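Undergrad: Okay, here's the prediction I keep looking at, along with the sequence it came from:
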Protein chains: 2
Amino acid sequence: MNYCGAPGSVLALVLRMTQFTFAAGSIASMATTSRFFNLTAFCYLIASMGLQIIWSFLLALLDLFSLVRKQSLLSPVLISLFVVGDWVTATLSLAAASASAGITVLYFHDLGHCHFGEECQKYQVSVALAFLSWFSTSLSSVIMFWLLAGR
Amino acid sequence: MNYCGAPGSVLALVLRMTQFTFAAGSIASMATTSRFFNLTAFCYLIASMGLQIIWSFLLALLDLFSLVRKQSLLSPVLISLFVVGDWVTATLSLAAASASAGITVLYFHDLGHCHFGEECQKYQVSVALAFLSWFSTSLSSVIMFWLLAGR
């Protein structure tokens, strides 16, 4: 039986690759600025997106393996593990994206304008990509939770 | 049948009152500072905690009504409504708490120390209470989602 978005389905693989891509883009945009390490929230964003990349990559590999070998990944133990992992990464991503967004809004809106030149745009792009990554992770986690609770 | 934490149970009422209390404390602590309206994230925290107060108060009234009249609130339509409301308020609370925490950490850690005198401690208390309010809302929402998916 193959549920929509269950581990080992095409939708699950697409969601994982989306998360991976957005998180990688967010890190790339933030890490190429020269001042991110002065701000705790930006360092936390990089750490959280790094965790997101590792998690999404491992799950994408599992989905791919399951698709190619046509083996089901719907055991209750595996699904429980996926649910916990998804919720932890989704919560950390949202917290990191919001904290960085708070600081970006502080610099751009509250303090008039951003004084870091070109890097300002990179901060904004990084935060936007982090929110997109969080959104696709939260989709995955809702599907996983639904699968676990509906068993 | 009375599930643990379902709407109309004592645990649900206690969780709602906890959310309400923490959110009210967070607003009280933030709104008594004189500079919060200069910072978008702090205004957003107040708005989000205000929504949390209204939502938790309404749900607490419903739980109390259900407890006193011994009427069940377990209809699928009501539970779906509670799930959506809980997820929206929980996500907004976490985002607001994280954004404010990002700015608090910026002032306290990254920029050396906070220059707003007594108000600095109030910011910290407000953020901490907002996180506690988010935590109890997320407990409620997991219980609601579990009830909905397990039906």
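TA: Ah, there it is.

Undergrad: Tell me the spacing between residue A:29 and residue A:82.
TA: For residue A:29, the distance to residue A:82 equals 28 Å [Cβ to Cβ, to the nearest Å]. Placement of C-beta: from N, CA and C, glycine included.

Undergrad: what residues are up against residue A:68?
TA: By Cβ atoms under 8 Å, 6 or more residues apart in numbering or on different chains, the contact set of residue A:68 is empty.

Undergrad: Figure out how far the strand or helix carrying it is from the centre of its chain.
TA: Element membership for residue A:68 (DSSP states H and E) is helix A:40-69. From the chain centre to the centre of helix A:40-69 is a distance of 7 Å (Cα atoms, centre = their mean, to the nearest Å).

Undergrad: Nearest residue to the residue nearest the centre of chain A in space, please, no chain neighbours.
TA: Note on chain A: the residue nearest the mean C-alpha position is residue A:133, at 3.8 Å, using Cα atoms, centre = their mean. Excluding the flanking residues, the one nearest residue A:133 by Cβ to Cβ, 6 or more residues apart in numbering or on different chains is residue A:22, at 3.7 Å.

Undergrad: which residues does the one you found contact?
TA: Residue A:22 is in contact with A:129, A:130, A:132, A:133, A:136, counting by Cβ under 8 Å, 6+ apart.

Undergrad: circling back: check which helix or strand covers the residue nearest to the centre of chain A.
TA: helix A:119-149.

Undergrad: Taking helix A:40-69 as reference, get the angle to that helix.
TA: 50 degrees (axes from the mean of the first three to the mean of the last three Cα atoms, to 10 degrees).

Undergrad: And helix A:119-149, what does it pack against?
TA: helix A:10-31, helix A:40-69, helix A:76-105, helix B:119-149 (3 or more Cβ pairs under 8 Å, 6 or more residues apart in numbering or on different chains; DSSP states H and E).

Undergrad: quick one: secondary structure of the residue lying farthest from the centre of chain A?
TA: What lies farthest from the middle of chain A is residue A:112; by Cα atoms, centre = their mean that is 30.4 Å. When classified by DSSP: H, G, I helix; E, B strand; the rest coil, residue A:112 comes out as coil.

Undergrad: That one and residue A:61, how far apart?
TA: Applying Cβ to Cβ, the value for residue A:112 to residue A:61 is 47 Å.

Undergrad: ok so, going back, pLDDT score for the residue nearest to residue A:133?
TA: At residue A:22, the model reports a pLDDT of 96.

Undergrad: same thing with residue A:47?
TA: Reported pLDDT for residue A:47: 95.
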